[in-house]
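Novice: Next input, structure requested:
(2 chains)
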Amino acid sequence: MAKPQKTVVRLDELDMGFAEAVAKAGGEKINLCIQCGTCTASCPSGRRTAFRTRQIMRRALLGFRDEVLSDKDLWLCTTCYTCLERCPRGVDPTDVILALRNMAVKAGHMLDRHKMVAGLVLKHGHAVPIDEANRKLRVSLGLGEVPPTTHMFKDGLVEVQEIIKKMGFDKLIGFEWK
Amino acid sequence: MKKMRYALFLGCIIPNRYPGIELAMRDVAQVLGIKLKDMEGASCCPAPGVFKSFDKPTWLALAARNLCIAEALGCDIVTLCNGCYSSLKEANKILKEDPTSRDKVNKILRGLGKEFHGTIDVKHIVEVFYREIGVEGLRRLVKKPVHLDVAVQYGCHLLKPTKHREVKSAERPTFLDELVEVLGPRSVPYRDKMLCCGAGGGVRSSYLDVSLDMAREKLENIKNVGADCIVSPCAFCHLQLDRGQVEMGASFNIPVMHYVQLLGLSLGLEPKRLGLYSHAVPMDPVIKKL
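Specialist: Next up, the predicted model:
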């Protein structure tokens, strides 16, 4: 059974500086939100899931830091930008969501599948690397077995890996170099 | 027509999952007199919905490295995928306009013997067709008009956010429909045409069921108007709508074509040379109709 919703909110449990932190992280205009709900009404993900953009904006503004950042639903946005285009206050909700996601990753809330996808770029330079079937398909089409990308030029891959190490992205996602 | 020279940004999905689109692009470019230079050692753009979601500074630095490869070739980038377009175009804009971001990125890049100068632009291939060749220019090049009913799929990142795009209408754009219709097909209207395919933002990788449910809605709307096929200018929409039909176990049987493949057909190129036989949903019913 679903847990009953907490109806009493204690101010000392909230992070009163959270909205400002979100603004600094790239969601600059979050404070303009008037809770009209145009974002939620426009959201293709919200049509079929419990994802509610307006609720995310409200929670963030009130300072529910941990609730917002640990909520796996934060990752249901396809970044289609429809809410950003339609928001009558110019809040740019998609930018707010991207900022929240960056903060969520820093707080250790990255989804396992996303760690895997990111790991593919660390290993191959591509989020969708070549596989056996497509090596064969490329050859049968008269193309090179691998494309002239990091797949063909290993020094390019080393550069990608150097950038990632310098940015600390490998540590951020808990990637183990072998 | 002026001389067209571009750095071809392949990305991930096209060379590694739909190499037929890469072949189609190379062949079409030859017919149109567009000189394409390979961006040797380029990586993932990196994907906007995922990498920009994870860590924006890393996203920016990796995109900057790709931009530097094209700068060294001395030509603008052309992409065949809305995701690549979005990442590279927006990163290029940030790096050109914000000296603080540029300095930070260049500090990293200098260690690799690279530097971002801001000397090139990033274009989507359909943008090149629309602006550089033009609808009328294409009309003159068509050899075999393709008489099909086509459901046009723009894909979100081709158009949005409009604050970072030249086309200012994301609700009812027409340029891609014009580009499709000039090649012979009829662009059929369908419900919720501008609806997202569901692939982006890391949703396809982490919530495949939700992602495919969005694709299903789109495919149902397209099936309902009896379109012969879907045409998209985006590699990720293409993968989602093509492979997605198999993954969701549905029997829509709606073939999916990339815009450059449709263009190739209308230029009289052989379907085989356009990689049309290597998609998840068989293209045969469409090819038979031609």
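Novice: Now do the SS call for residue 178.
Specialist: Chain wasn't specified; assuming chain A. For residue A:178, the assignment made with DSSP: H, G, I helix; E, B strand; the rest coil gives coil.
Novice: try chain B instead
Specialist: Using three-state DSSP as the criterion, the local structure at residue B:178 reads helix.
Novice: Tell me who's in contact with it.
Specialist: B:130, B:135 (CB atoms under 8 Å, 6 or more residues apart in numbering or on different chains). For the C-beta atoms, the positions are set from N, CA and C on the backbone; glycine is no exception.
Novice: mind listing the helices for the stretch 51-200 of chain B?
Specialist: Using DSSP state H, counting those that start in this stretch, the helices of the stretch 51-200 of chain B run over residues B:56-73, B:82-97, B:99-110, B:125-128, B:134-141, B:156-159, B:175-181.
Novice: got those helices as a markdown table, with distance to residue A:119 and mean pLDDT columns?
Specialist: Output for the helices of the stretch 51-200 of chain B, formatted as a markdown table (distance: least, CB to CB, whole Å; pLDDT from 0 to 100):
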| stretch | distance to residue A:119 | mean pLDDT |
| --- | --- | --- |
| helix B:56-73 | 13 | 98 |
| helix B:82-97 | 19 | 98 |
| helix B:99-110 | 20 | 98 |
| helix B:125-128 | 30 | 97 |
| helix B:134-141 | 42 | 97 |
| helix B:156-159 | 24 | 97 |
| helix B:175-181 | 35 | 98 |
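Novice: Comparing the ones you listed, which comes out most buried?
Specialist: Mean neighbour count (mean count of other CB atoms under 10 Å in any protein chain shown) peaks for helix B:156-159 among the helices of the stretch 51-200 of chain B, with a mean of 26.
Novice: got the domain boundaries for chain A?
Specialist: Following automatic domain parsing, chain A resolves into domains at A:11-106, A:112-172.
Novice: Which of those sits closest to residue B:31?
Specialist: Minimum separation from residue B:31 across the domains of chain A (CB to CB) falls at domain A:112-172, 16.3 Å.
Novice: and that closest one, how far apart are its ends?
Specialist: Here the two ends of domain A:112-172 are set 13 Å apart, with distance taken as CA to CA, to the nearest Å.
Novice: which one is the residue in chain A that chain B sits nearest to nearest to, not counting chain neighbours?
Specialist: Nearest residue of chain A to chain B, counting by CB to the nearest CB: residue A:156, 2.5 Å away. Leaving aside its sequence neighbours, residue A:156 sits nearest to residue B:41 (CB to CB, 6 or more residues apart in numbering or on different chains; 2.5 Å).
Novice: Show me what counts as buried in the helix or strand containing residue A:136.
Specialist: Using DSSP states H and E, residue A:136 sits in helix A:132-140. By neighbour count with 16 or more other CB atoms under 10 Å in any protein chain shown, helix A:132-140 contains the buried residues A:134, A:135, A:137, A:138.
Novice: so which of these are also by chain B?
Specialist: A:134, A:137, A:138 (CB under 8 Å from any CB of the partner chain).
Novice: How about the contacts made by the spatially closest residue to the last one that is not a sequence neighbour?
Specialist: The one in question is residue A:138. Residue nearest to residue A:138 in three dimensions, not counting chain neighbours: residue B:19, with 4.6 Å by CB to CB, 6+ apart. Going by CB under 8 Å, 6+ apart, residue B:19 touches A:134, A:137, A:138, A:141, A:143, A:147, B:275, B:278.
Novice: Do I have it right that the first one meets residue B:16?
Specialist: In this case it means residue A:134. Yes. Assessed by CB atoms under 8 Å, residue A:134 is found in contact with residue B:16 at 5.5 Å.
Novice: could you check the angle helix A:132-140 makes with the one helix or strand residue B:20 maps to?
Specialist: Using DSSP H and E, residue B:20 falls within helix B:19-32. Per axes from the mean of the first three to the mean of the last three CA atoms, to 10 degrees, the angle that helix B:19-32 makes with helix A:132-140 is 30 degrees.
Novice: Near chain A, which residues of the stretch 1-150 of chain B are found?
Specialist: Within the stretch 1-150 of chain B, the positions near chain A by CB under 8 Å from any CB are B:10, B:12-13, B:15-17, B:19-20, B:22-23, B:38-44, B:46-58, B:61-62, B:65, B:108-109, B:111-112, B:114.
Novice: Three-state assignment for the spatially most central residue of chain A, please.
Specialist: Centroid-nearest residue in chain A: residue A:101, 4.4 Å away (criterion: CA atoms, centre = their mean). The three-state label given to residue A:101 by three-state DSSP is helix.
Novice: So it is in contact with residue B:55, correct?
Specialist: No. Residue A:101 is beyond contact range of residue B:55, at 9.4 Å (criterion: CB under 8 Å).
Novice: All the helices of chain A, residue numbers only.
Specialist: For chain A, the helices identified by DSSP state H occupy A:18-24, A:38-42, A:53-62, A:65-70, A:82-86, A:93-106, A:112-124, A:132-140, A:154-167, A:169-172, in order along the chain.
Novice: right, so the ones you listed: which one is the most enclosed?
Specialist: Comparing the helices of chain A by mean neighbour count (mean count of other CB under 10 Å), helix A:93-106 comes out on top with a mean of 24.
Novice: Can you read off the pLDDT for the closest residue to residue B:128 other than its chain neighbours?
Specialist: Excluding the flanking residues, the one nearest residue B:128 by CB to CB, 6+ apart is residue B:78, at 5.8 Å. Residue B:78 is assigned a pLDDT of 98 by the prediction.
Novice: wait, isn't residue B:78 in contact with residue B:11?
Specialist: No. If you go by CB under 8 Å, residue B:78 and residue B:11 don't touch, sitting 11.3 Å apart.
Novice: Strands of the stretch 151-290 of chain B, residue ranges please.
Specialist: Counting by DSSP state E, counting those that start in this stretch, the segments of the stretch 151-290 of chain B that form strands are B:186-187, B:229-232, B:256-258.
Novice: How about residues contacting the shortest one?
Specialist: What it means is strand B:186-187. Contact with strand B:186-187 is made by B:148, B:149, B:150, B:151, B:152, B:177, B:180, B:181, as judged by CB under 8 Å, 6+ apart.
Novice: Show the contacting residues for residue 90.
Specialist: I'll assume chain A. A:29, A:32.
Novice: wait, chain B
Specialist: Residues near residue B:90 by CB under 8 Å, 6+ apart: B:48, B:164.
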